[in-house]
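J.: Build me a model:
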Amino acid sequence: MSFAEKIRTLRLKNNMTQEEMAKRLSVSRSTIAGYENATKKRQPSQESLTAIANLFNVSLDYLVNDEIIYMDSSAQSFLSEDEKRLIVRYRNLSLASRELAQEQILLLEKYDINYKKQQQP
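T.: As a prediction, the model looks like this:
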């Protein structure tokens, strides 16, 4: 997904008009329209990117990078489609949400270990 598509999708997902988003970021509506227009390829400053990421609670990495899983082909062949989607979704999380996800995974691992112990005769 391109930067322009991400901005538009995030804005619509949060039920915001371009005008509302512009006010919250202290920019003009035409600036937001420029960000959302893929042919103009208008990119915000680092300060504006940070404000957008904070507004929508996403990471800067998500905003500026394509959803590509960087692994060599041999590593990718071992991942199921579900695993690849999870990696992409994880990378799209904010730093705080990534930390929460990691904590939840640790809890699930402990649960699985205890469950397996209980199942043993």
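J.: C-alpha only now, for contacts and for neighbours.
T.: OK.
J.: Nearest the middle, which residue of the chain would you pick?
T.: Centroid-nearest residue in the chain: Asn92, 2.0 Å away (criterion: CA atoms, centre = their mean).
J.: From the chain's centroid, how far away is stretch 23-38?
T.: Offset of stretch 23-38 from its chain centre (CA atoms, centre = their mean, to the nearest Å): 20 Å.
J.: ok, and for it, which residues are buried?
T.: By 16 or more other CA atoms under 10 Å, the buried positions in stretch 23-38 come out as 25, 29, 31-37.
J.: what's the domain layout of the protein?
T.: The chain breaks down by automatic domain parsing into domains covering 3-64, 73-119.
J.: need the least confident one among the ones you listed, by mean pLDDT.
T.: Here the lowest mean pLDDT among the domains of the chain goes to domain 73-119, at a mean of 81.
J.: can you tell me the helix or strand for Lys23?
T.: Assigned by DSSP states H and E, Lys23 falls within helix 18-25.
J.: hmm, who's touching the very next helix or strand once past that helix?
T.: As assigned by DSSP H and E, the chain's next helix or strand after helix 18-25 is helix 29-36. With CA atoms under 8 Å, 6 or more residues apart in numbering as the test, helix 29-36 has contacts from 3-5, 7-8, 18-19, 21-23, 40-44.
J.: Can you go through these and name the buried ones?
T.: 3-4, 7-8, 18-19, 21-22, 42.
J.: Just put those in a markdown table and tack on distance to Tyr115.
T.: What follows is the buried ones among the contacts of helix 29-36, written out as a markdown table (distance: CA to CA, whole Å):
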| residue | distance to Tyr115 |
| --- | --- |
| Phe3 | 44 |
| Ala4 | 46 |
| Ile7 | 43 |
| Arg8 | 44 |
| Gln18 | 50 |
| Glu19 | 52 |
| Met21 | 48 |
| Ala22 | 51 |
| Arg42 | 52 |
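J.: ok, which pair from the residues you listed is furthest apart?
T.: Taking CA to CA, the two most distant members of the buried ones among the contacts of helix 29-36 are Phe3 and Glu19; they sit 18.8 Å apart.
J.: Fine by me, thanks again.
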